[in-house]
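Enquirer: The sequence and its predicted three-dimensional model are supplied below.
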Amino acid sequence: MECGVGYYTASLVEQMSEASQNLTVLTAAPAKEIESFADILVARGWRIRDLLSLVRQCKEVHADIIHIQYPAVGYGHQLGINLLPWLLRLNVRSSRLVITLHEYFGSRLIGRIRNLITIIPAQTVIVSNQADQQSLPGFLRSRVSIIPLGSSIETTSPNTEAAKTLLHNDKGFSTILFFGFAFPSKRLELLIDTMKLVTNKQLVVAANLNHQDSYHEGLVDAIKAHNKSVGFEQIRIIGSQPRDILTALLQQSSCFVLPQAIPINGKSSTLVTAIRCGAPIIGKKGSSKENWPLANQKNALLIEEITNQSLAEAVNALDNPELVRTLKAGLAELAGRYSWNTVVAAHMAIYEAAP
C-alpha cells in the first residue's frame, strides 16, 4: 500500500530475504514489488467472515513464525484482523506469534482498546518507539521490544549528479526539502506559506501533488502564487523521486522540515530516512518520550509551536555552521540504530528466541 507502513513492510521483506530463505506474505493488496523476495498468498479480506479462510491459509504454510504488521488503517479498520491472533493461538499452536504495533500512544480510547485486543495473544510485541512502549499496560511490557524502523528509501548508491541538477538554482540558494506523502496531516501548506519569511533559501517539494482533489490542487496554486509574488521559482515541485536520487537530495539539502502538528520521532519512515542521510531535521517538539530518539539542538531543531515565524526562525538558524555540525554529528550517532543490518538482526533474535 502507498503508506509508510506499506513501504516499510516491503523493505523489511526484501531485507529479511537475505537472512531467511523461506518467506511467505499474506496480503490483500497487490504485492508485485516483493514477489522476488517472498511467496505471496492473497487474502480475501480482513473481515470477521474472512477469519476461517485466514486461519486456513496460515496453517497451510506451516510457519515457524507468524508476524503481523498492525496499523489499523491498513486493514480498513476491519474487526477480523483484531480477532485473528486469538484464533491463530488456538489453531496454529506450532507457530510463534509476533505482532508489530504501529500505532498506540497517539490513538484514541477505542483505538487503544482494539490494539490491546489484537496484541494480547502475541508471544512478542514489537514497537518502534519509546512512547508506544511506555504507554502500553504494565502486564504486557515484558513481551514488548523496541525495534526501530529501517529506512524504506535510502540507497547505498546515491545519484548525486541528478540531485545537483534538481536542486540547482541561479541564485545559489541552499535547499529546504519536503518529501514523502503530502497528506493534509503533514501540513505542507504551512511550510509553503512560511517561505514568504525566508529570503535566502529555496523549498523543493519531492512529493506527488498531481492528485485530483481540492487539497493538492490548493497546494499547487499556493506555490504558483508565491513564486509569482517573489518573481522567481523559490518553491519547486519535483515530484516523487527514485531512492537513489532522494537519498542524494537529502544529503545535499540544508534541512528536512516536517511541519505536522504532532511531535516528530523515529516512528516516521521519512524521518528515519532523513536521519540515515544526515539531513538536519526541523519539526514539532513534545515530551522526551514523544520525540525519542530526537533531542533539541543535539540532532534536531524541535519547535514548541509550529507557526510561520517559528519555522522561519528554525530554518534561518541553520545559517550557523557550528549548529549544523552539531546536528549532523548527532544524526551520525543515531544512524546506525536505523540500519537494516541492525533492524534485521533484532528481528532474527526475536524469531529465534525460545517460545
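Expert: Okay, I see it.

Enquirer: where does this structure have low pLDDT?
Expert: For the chain, the stretches flagged by pLDDT under 70 are 1-2, 354-355.

Enquirer: which helix is the longest one in it?
Expert: Once the chain is assigned using DSSP state H, the helix that runs over the most residues is helix 214-230.

Enquirer: That one packs against which elements?
Expert: In terms of contacts (3 or more Cβ pairs under 8 Å, 6 or more residues apart in numbering; DSSP states H and E), helix 214-230 is packed against helix 188-194, strand 235-237. In short, each C-beta sits where N, CA and C put it, glycine included.

Enquirer: For it, output the C-alpha coordinates as PDB.
Expert: Provided in PDB are the C-alpha atoms of helix 214-230 (Å, rounded to 0.1, in the frame of the first residue of the first chain):
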ATOM      1  CA  SER A 214      -9.000  20.200  -3.800                       C
ATOM      2  CA  TYR A 215      -6.300  19.800  -1.200                       C
ATOM      3  CA  HIS A 216      -3.400  19.000  -3.600                       C
ATOM      4  CA  GLU A 217      -4.700  21.500  -6.200                       C
ATOM      5  CA  GLY A 218      -4.700  24.100  -3.500                       C
ATOM      6  CA  LEU A 219      -1.000  23.300  -2.700                       C
ATOM      7  CA  VAL A 220      -0.100  23.800  -6.400                       C
ATOM      8  CA  ASP A 221      -2.000  27.000  -6.600                       C
ATOM      9  CA  ALA A 222      -0.300  28.400  -3.500                       C
ATOM     10  CA  ILE A 223       3.100  27.500  -4.800                       C
ATOM     11  CA  LYS A 224       2.400  29.300  -8.100                       C
ATOM     12  CA  ALA A 225       1.100  32.300  -6.300                       C
ATOM     13  CA  HIS A 226       4.100  32.500  -4.100                       C
ATOM     14  CA  ASN A 227       6.600  32.200  -7.000                       C
ATOM     15  CA  LYS A 228       4.700  34.900  -8.900                       C
ATOM     16  CA  SER A 229       4.800  37.300  -5.900                       C
ATOM     17  CA  VAL A 230       8.600  36.900  -5.400                       C
END
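
Enquirer: Show residues contacting stretch 87-101.
Expert: For stretch 87-101, contacts defined as Cβ atoms under 8 Å, 6 or more residues apart in numbering pick out 51, 54-55, 58-59, 62-70, 85, 115, 118-119, 121-128, 132, 147, 350-351, 355.

Enquirer: These in strands, which ones?
Expert: Under the assignment DSSP state E, those contribute 65-70, 124-127 to strands.

Enquirer: Distance to residue 313 for the residues you listed - can I get that in JSON lines?
Expert: Listed next are the ones in strands among the contacts of stretch 87-101 as JSON lines, based on distance: Cβ to Cβ, whole Å:
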{"residue": "65", "distance to residue 313": "48"}
{"residue": "66", "distance to residue 313": "49"}
{"residue": "67", "distance to residue 313": "44"}
{"residue": "68", "distance to residue 313": "43"}
{"residue": "69", "distance to residue 313": "38"}
{"residue": "70", "distance to residue 313": "39"}
{"residue": "124", "distance to residue 313": "44"}
{"residue": "125", "distance to residue 313": "40"}
{"residue": "126", "distance to residue 313": "38"}
{"residue": "127", "distance to residue 313": "33"}
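
Enquirer: Return the closest of these with respect to residue 158.
Expert: residue 69 (27.9 Å; Cβ to Cβ).

Enquirer: I'd like to know how far the closest one sits from residue 237.
Expert: With distances taken as Cβ to Cβ, to the nearest Å, residue 69 is found 31 Å from residue 237.

Enquirer: ok, now residue 288?
Expert: For residue 288, the distance to residue 237 equals 36 Å [Cβ to Cβ].

Enquirer: more neighbours, those two?
Expert: Legend: neighbour count by other Cβ atoms under 10 Å for residue 288 and residue 237, higher for residue 237 (19 against 14).

Enquirer: Residue 102 against residue 69, yeah?
Expert: Yes: counting by Cβ atoms under 8 Å, residue 102 touches residue 69, with 6.9 Å between them.

Enquirer: show me the contacts for residue 65.
Expert: Contacts of residue 65 (Cβ under 8 Å, 6+ apart): 95-96, 98, 351.

Enquirer: likewise residue 243?
Expert: 153-155.

Enquirer: Take these and write them to JSON lines, including distance to residue 202, neighbour count and secondary structure.
Expert: Formatted as JSON lines, the contacts of residue 243 follow (distance: Cβ to Cβ, whole Å; neighbours: other Cβ atoms under 10 Å; DSSP: H, G, I helix; E, B strand; the rest coil):
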{"residue": "153", "distance to residue 202": "21", "neighbour count": "22", "secondary structure": "coil"}
{"residue": "154", "distance to residue 202": "23", "neighbour count": "23", "secondary structure": "coil"}
{"residue": "155", "distance to residue 202": "24", "neighbour count": "15", "secondary structure": "coil"}
